[in-house]
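Peer 1: Generate a structure from the sequence data that follows.
(4 chains)
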There are 2 protein chains.
Amino acid sequence: MALSARILPSLPKPNVNTNPDATPFDPVCAVFRRYLHNEKLKFTPERAMILDATLRKEGLFDPEGLAADLKALGHRVSRATVYRTLAHLQDAGILKQVFFDNKQSYYEVIAGRATNDYLICVSTGKLIEFSSDRLKALRDEICKQHGFEPISHQFHIFGISPEAKATQGKSKSR
Amino acid sequence: MALSARILPSLPKPNVNTNPDATPFDPVCAVFRRYLHNEKLKFTPERAMILDATLRKEGLFDPEGLAADLKALGHRVSRATVYRTLAHLQDAGILKQVFFDNKQSYYEVIAGRATNDYLICVSTGKLIEFSSDRLKALRDEICKQHGFEPISHQFHIFGISPEAKATQGKSKSR
DNA sequence: TCGCATTTGAGACGCAATATCATTCGATGA
DNA sequence: TCATCGAATGATATTGCGTCTCAAATGCGA
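Peer 2: Got it, this is the predicted structure:
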């Protein structure tokens, strides 16, 4: 096969930092509690642990990997609860769900962080994050033209990275 | 749950026109045959039928729906072959795979057509296509900055459509 | 502290997509 | 035209993400 925008393996990597007590005092946690309260939902230990685990992530992560992280941290949370809570965290505006491929969905923290878009190398699967104010301005302008109220966006550029292009000569087509 | 970028039901619709003999004389078909030849792949009746069915589509479609179309047209093609051929058509630059949700993937024809980006209403699931030259220019500029060779892109804006905003007052939050 | 609606967890389930593999077939060269 | 062989097909099994079910547990307002 030749040039394509199909995604190849290898997307995220675990990225656990060692912030010891992110949860109860974290301002993002306050946002979540406020959201839960408004929606008449409950603040449970499971939800706190899941929020904490997501805040330890940098960049993209996937639900199954997050569940694995929680298990590794010694927390026993069911997969179903992870999925349910990620949905709430998204609704609370803390996470953004990202669709890169048809295997699974990914999430990234947006609360208090610069949100990114991605260059994806279709040859190596490597991701490059970037952020563009002009893109955001263009987004808002397009929304205004359509009377649309933007919540989030995804901008993915598929292509060939410089490294892949360099290595390309040897292995014929791909 | 409240505002979110999760996608709701209802995406594509069948769009079968009655072009009687699109396949063998279609220039897109020539592109496909050239691609297959270069890749030492074979031009089979199944592949011809699948290409033909995709060219009858306007806008987004999904593999299962395409398989259903083929069956409705009286063509017996296995699902596996549909999936395999769609991948080749993408590699040939005729189709583009689009990721809107974590349920399934979608495709759209790009050969000889203006490629679109989408506004997605998170409340109704409605899609609005748009096309922006400024976006394409911005994309190319970003790629140049990173030494990236672009193949395709996806730009999805999630938000609230004017109609949904109008209906919003009544149904509490969400 | 009580009561109840919400949440959780374990497992079953649905479904898109892929893998397997025996059989069939397209395309090349003679 | 025919033989040859690698590639393609189809039927089926399999995988894995995500959701659903429901009994038991629990947060939280009164």
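Peer 1: Near DNA strand C, which residues of chain A? Just list them.
Peer 2: Applying Cβ under 7 Å from any atom of the strand, we find that chain A lies next to DNA strand C at A:36, A:40-42, A:44, A:46-47, A:76-81, A:84-85, A:102. (C-beta placed from N, C-alpha, C; glycine too.)
Peer 1: List the ones among these that fall in helices.
Peer 2: Under the assignment DSSP state H, the residues of chain A next to DNA strand C contribute A:36, A:46-47, A:79-81, A:84-85 to helices.
Peer 1: What mean pLDDT does stretch A:104-124 get?
Peer 2: Here stretch A:104-124 scores 92 as its mean pLDDT.
Peer 1: Then stretch A:40-52?
Peer 2: 97.
Peer 1: With stretch A:160-174 instead?
Peer 2: For stretch A:160-174, the per-residue pLDDT averages 69.
Peer 1: quick one: the biggest strand by length in chain A near chain B?
Peer 2: In chain A, ranked by residue count with DSSP state E as the criterion, the top strand is strand A:149-160. Yes: interface with chain B: strand A:149-160 contributes A:149-160 (Cβ under 8 Å from any Cβ of the partner chain).
Peer 1: can you tell if that strand touches DNA strand D?
Peer 2: No: for strand A:149-160, no contact with DNA strand D is found by Cβ under 7 Å from any atom of the strand; the gap never falls below 14.6 Å.
Peer 1: Now residue A:108, what are its backbone angles?
Peer 2: phi -150, psi 150 (degrees, to the nearest 10).
Peer 1: Same check on the one 4 residues further on?
Peer 2: Taking degrees, to the nearest 10, you get phi 70, psi 20 for the backbone angles of residue A:112.
Peer 1: Leaving out the residues flanking it, which one is nearest to it?
Peer 2: Excluding its sequence neighbours, the residue lying closest to residue A:112 (Cβ to Cβ, 6 or more residues apart in numbering or on different chains) is residue A:28, at 6.4 Å.
Peer 1: picking that back up, what would the residues of strand A:149-160 next to chain B look like in JSON lines with neighbour count?
Peer 2: Listed next are the residues of strand A:149-160 next to chain B as JSON lines, based on neighbours: other Cβ atoms under 10 Å in any protein chain shown:
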{"residue": "A:149", "neighbour count": "18"}
{"residue": "A:150", "neighbour count": "17"}
{"residue": "A:151", "neighbour count": "18"}
{"residue": "A:152", "neighbour count": "20"}
{"residue": "A:153", "neighbour count": "24"}
{"residue": "A:154", "neighbour count": "21"}
{"residue": "A:155", "neighbour count": "24"}
{"residue": "A:156", "neighbour count": "21"}
{"residue": "A:157", "neighbour count": "24"}
{"residue": "A:158", "neighbour count": "23"}
{"residue": "A:159", "neighbour count": "24"}
{"residue": "A:160", "neighbour count": "21"}
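Peer 1: ok, of the residues you listed, which one's closest to DNA strand C?
Peer 2: residue A:158 (15.6 Å; Cβ to the nearest atom of the strand).
Peer 1: Got the phi and psi for residue A:62?
Peer 2: The phi/psi pair for residue A:62 (degrees, to the nearest 10) is phi -120, psi 160.
Peer 1: Might one say that it is in contact with residue A:100?
Peer 2: No: look at residue A:62 against residue A:100 with Cβ atoms under 8 Å: they stay out of range, at 9.8 Å.
Peer 1: More neighbours: the two, which one.
Peer 2: residue A:100 (22 against 18; other Cβ atoms under 10 Å in any protein chain shown).
Peer 1: tell me the secondary structure for that one?
Peer 2: Following DSSP: H, G, I helix; E, B strand; the rest coil, residue A:100 is assigned to coil.
Peer 1: Also residue A:29?
Peer 2: Reduced to three states with three-state DSSP, the structure at residue A:29 is helix.
Peer 1: okay, now the residue nearest to residue A:112: neighbour count?
Peer 2: Around residue A:28 there are 21 residues (other Cβ under 10 Å).
Peer 1: Over to residue A:73?
Peer 2: 13.
Peer 1: now the one 10 residues further on
Peer 2: Using other Cβ under 10 Å, the number of residues around residue A:83 comes to 15.
Peer 1: Do I have it right that it meets residue A:63?
Peer 2: Yes: using Cβ under 8 Å, residue A:83 is in contact with residue A:63, at 5.6 Å.
Peer 1: host element of residue A:129?
Peer 2: Secondary structure from DSSP states H and E places residue A:129 in strand A:127-130.
Peer 1: Sorry, wrong one. I was asking about residue A:145.
Peer 2: helix A:133-146.
Peer 1: For that helix, list every residue counted as buried.
Peer 2: By neighbour count on 16 or more other Cβ atoms under 10 Å in any protein chain shown, the buried set for helix A:133-146 is A:135, A:138-139, A:142-143.
Peer 1: Just give me the closest of those residues to residue A:120.
Peer 2: Residue A:120 has its nearest neighbour among the buried residues of helix A:133-146 in residue A:135, at 15.9 Å by Cβ to Cβ.
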